[in-house]
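Visitor: Build the 3D model from these lines:
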Amino acid sequence: MSEFELVTVDTRTLPLVQHLRYRVYCAEKQFAMPGADHQARMLFDEADQLGVTFALFDGAELVSSAQIIPVDPLNAPDKFAVFALAEVLPHPEASCVIVSKLVTAPERRGSKTLGPVMRGVLEFVATNQHRYIAILAETSMREFYKSMGFDELRGGIDAAQFGIVSLMVFDMKDERHLSGKSLAGWMFKSLFTR
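Guide: Here you go, the predicted structure:
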């Protein structure tokens, strides 16, 4: 029986997240990631200082994590230039978060771990009154994000170590979520009726 608990990462849990990121990006997918320490089997990311990271535990086991970085689309740091938010968002003056380093332990994929993480992301976005969630989606994840209510605003993006990805954007004011017609709106209806 699963006992999921979503926590905000701190200095005690960050090393576990860094190890999980290494397992997924470096060991499994063989991406050449900046910040990878192959000896320690950790993937360090300076962007952790720019936002918040959530970690999903099943009992004592870390199964998934996601990094959430608030950005001003009109003045996003250069490291997020690949998103081109000022050019693609319908309302670039509205606030946005970038979801990055969304990883799940290989042996736990398909085990309903993404639901609690997405709920945490959506709660953060709703509580802090951000409008958009932006994510770069690999080909294998596009259909899932579409079902959740993300729209593909740009495809064919060469995102260095990740290969060709698509920019997927979730609009908190989209009628599909408010009416429960998207998967996110149906699963997390209370977040859209605040």
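
Visitor: Run through the strands of this protein in chain order.
Guide: Here the chain has its strands, by DSSP state E, at 4-8, 36-37, 42-43, 52-58, 61-71, 96-104, 132-137, 151-158, 164-171.

Visitor: Minimum distance to residue 25: which of those has it?
Guide: Closest of the strands of the chain to residue 25 is strand 42-43, at 5.9 Å (criterion: C-beta to C-beta). Yep, even glycine has a C-beta here, placed from its N, CA and C like the rest.

Visitor: by contact count, what packs against the closest one?
Guide: helix 14-21, strand 36-37 (3 or more C-beta pairs under 8 Å, 6 or more residues apart in numbering; DSSP states H and E).

Visitor: Which elements pack onto the longest one?
Guide: Identification of packing neighbours for helix 14-21 by 3+ C-beta pairs under 8 Å, 6+ apart yields strand 42-43, strand 52-58, strand 61-71, strand 96-104.

Visitor: Name the stretch among the helices and strands packed on strand 42-43 that sits most buried.
Guide: Mean neighbour count (mean count of other C-beta atoms under 10 Å) peaks for helix 14-21 among the helices and strands packed on strand 42-43, with a mean of 19.

Visitor: Select the longest helix from the protein.
Guide: helix 114-127 (DSSP state H).

Visitor: How much space separates residue 105 from residue 95?
Guide: 31 Å (C-beta to C-beta, to the nearest Å).

Visitor: can you check residue 65 too?
Guide: The spacing between residue 65 and residue 95, counted by C-beta to C-beta, is 23 Å.

Visitor: With residue 178 instead?
Guide: 18 Å.

Visitor: for the helices and strands packed on strand 42-43, which one sits closest to residue 50?
Guide: Of these, the one closest to residue 50 (C-beta to C-beta) turns out to be helix 14-21, at 13.9 Å.

Visitor: who's the residue nearest the centre of the chain bridged to?
Guide: For the chain, the residue lying nearest the average C-alpha position, counting by C-alpha atoms, centre = their mean, turns out to be residue 99 (3.1 Å). Beta bridges link residue 99 to residue 68, judged by DSSP bridges.
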